[in-house]
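Asker: sequence and predicted model, in that order:
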Amino acid sequence: MDWWVFFLTFVPFLELRASLPAALAMGFSLSFSLAVCVILNILVIPLAFFLLDWIVPPLRRRFEIVDRLYKWGLRRAATRNPAGFLGLFAFVAIPLPGTGVYSGCLIAHVLSMRRSAATLAMTFGVLVAAVLIATVSWFSFSLI
C-alpha cells in the first residue's frame, strides 16, 4: 500500500503542501486524503514545539553565534510589532513551500507567543491551506 505518501506531512517545508497532492495522485480519495493530511499536519505542531524546546537552548549555550542570532531575532520581532494570531494564521494558510507549521512554530517561538494561541492560529491556517490545496489538486487531477 502507498500509505507512506502521508508521511510527507512530517517533512519540513513539504508538509501538507506535498502530501495531499501526492496522496491524490496515488489514487486515494479526496475526503480520506484531506482528513489524514490535516490530522497529521496538526500533530506536527506539538512535535515542532518540542523539538524547538529541546534543540534551541543547548545550541544557544554551546554556540555564541546562535545565541546572538536568537537575541537579534527577539529584538527585531519586538520592534516590528508582529501581527500575532492573525499574522501567524495567514502565514501558515498560504500554501507555499516554507510557510507551514514548522516555520510557524519557529516564528511563534521567536516571538514568544502563547503556545495555545499559536497552536490555534496554525490549526486554522492548516485547515485553510488544506482546502486551497485540495481544491487546486482536485481540479488539476480532474483535468488529466
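Answerer: Thanks, I have the structure now. Everything numeric in this text was worked out from a predicted model, so none of it was measured. Numbering: from 1, shown residues only.

Asker: show me what counts as buried in the helix or strand bottoming out on mean pLDDT in the chain.
Answerer: In the chain, no helix or strand scores lower on mean pLDDT, DSSP states H and E than helix 64-79, which sits at a mean of 78. Using 16 or more other C-beta atoms under 10 Å as the test for burial, helix 64-79 gives Y70. All C-beta spots, glycine's among them, are computed from the backbone N, C-alpha and C.

Asker: packing partners of the host helix or strand of I42?
Answerer: For I42, the host element (DSSP states H and E) is helix 30-62. Where contact means 3 or more C-beta pairs under 8 Å, 6 or more residues apart in numbering; DSSP states H and E, helix 30-62 is packed against helix 15-25, helix 64-79, helix 101-110, helix 115-143.

Asker: got a list of contacts for the second one?
Answerer: Spelled out, it's helix 64-79. By C-beta atoms under 8 Å, 6 or more residues apart in numbering, the residues outside helix 64-79 that reach it are V56, L59, R60, R61, V110, L111, S112.

Asker: so what's the residue count around the third one?
Answerer: So the one you mean is R60. Burial of R60 is recorded as 16 neighbouring residues (other C-beta atoms under 10 Å).

Asker: for the residue most central in space within the chain, give its distance to V44.
Answerer: In the chain, the centroid-proximal residue (C-alpha atoms, centre = their mean) is V101; its distance is 1.3 Å. Using C-beta to C-beta, to the nearest Å, V101 is found at 5 Å from V44.

Asker: mean pLDDT lowest where, among the helices and strands packed on helix 30-62?
Answerer: For the helices and strands packed on helix 30-62, the weakest mean pLDDT is recorded on helix 64-79, namely a mean of 78.

Asker: coming back round to it: so which bits of the helix holding I42 are buried?
Answerer: Buried residues in helix 30-62 (16+ other C-beta under 10 Å): 33-34, 36-38, 40-42, 44-45, 48-49, 51-52, 56, 60.

Asker: identify, from the residues you listed, the entry nearest to A130.
Answerer: Distance to A130 across the buried residues of helix 30-62 (C-beta to C-beta) is lowest for V38, with 4.9 Å.
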